[in-house]
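Q: next one to model:
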Amino acid sequence: MASFTAKNAAQLRAKAGTKAETLAAEFASVDAAIDTAKIQQALLTAGMGTRTAVETSGVDLASGSDAVYYGVFHATQAMTITGMVTVFNEAYVKGTEDAEVILKDRAETPVIKCTYTMPAAGREANTSVTTTPASAALAEGDILDLYITASGSTGTGYVDVILLYTID
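A: Alright, predicted model coming up:
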């Protein structure tokens, strides 16, 4: 995450452009830093897998069976999803199917909020991917469920899933 360090008067004077242009650029940097600082995160896979071993913590992508974990997140107020982070605790090796992590709301017709399909070439342990939401809005009271499409029992891979959001 990028951080912001305010410039002193000498640094601002050294910038090219008018005073108004210099201040506008500085204010834009402050605004971007505030937007980044507002992002919160929630570990959706807390307590899943074997939390006493890193490689098997989180959800199993190679169990051979698809799974749904209900109620992994509850929006206590209006929120905006800014991303979903998939953290590879164990190296992912594709089995017979493409593994997927999908977040859906619990509406009468569920809406996919975020999805990530694991790369066919695999993925190293201790890496992560941030996915842009397909549908970012969460209303007060919305509940998210986590859907796992398993790769098949011949593959490997455990992941943690983290929701990134801002409060509206």
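Q: please count neighbours and contacts with C-alpha atoms only from this point.
A: Fine.
Q: and the next helix or strand past the lowest-mean-pLDDT helix or strand in the chain?
A: None of the helices or strands of the chain scores lower by mean pLDDT, DSSP states H and E than helix 19-37, at a mean of 80. The helix or strand immediately downstream of helix 19-37 is strand 40-43, counting by DSSP states H and E.
Q: and the pLDDT for Gly122?
A: What the model reports for Gly122 is a pLDDT of 94.
Q: so what's the gap between the least confident helix or strand of the chain and the chain middle?
A: 26 Å (C-alpha atoms, centre = their mean, to the nearest Å).
Q: pull out the buried positions in that helix.
A: Across helix 19-37, burial judged by 16 or more other C-alpha atoms under 10 Å covers 22, 29-30, 33.
Q: quick one: which of those is nearest Ser151?
A: Distance to Ser151 across those (C-alpha to C-alpha) is lowest for Ala33, with 38.7 Å.
Q: in this structure that closest one contacts Phe4, no?
A: Yes - taking C-alpha atoms under 8 Å as the definition, Ala33 is a contact partner of Phe4 at 6.0 Å.
Q: quick one on the thing from earlier: in JSON lines, list the buried residues of helix 19-37 along with distance to Ala62.
A: Shown next, in JSON lines, are these (distance: C-alpha to C-alpha, whole Å):
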{"residue": "Thr22", "distance to Ala62": "54"}
{"residue": "Ser29", "distance to Ala62": "43"}
{"residue": "Val30", "distance to Ala62": "44"}
{"residue": "Ala33", "distance to Ala62": "39"}
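Q: secondary structure element for the residue lying closest to Thr96 once chain neighbours are set aside?
A: Nearest-residue entry for Thr96: Gly152, 5.3 Å, with adjacent residues in sequence omitted and distances by C-alpha to C-alpha, 6 or more residues apart in numbering. Per DSSP H and E, Gly152 falls between elements, in no helix or strand.
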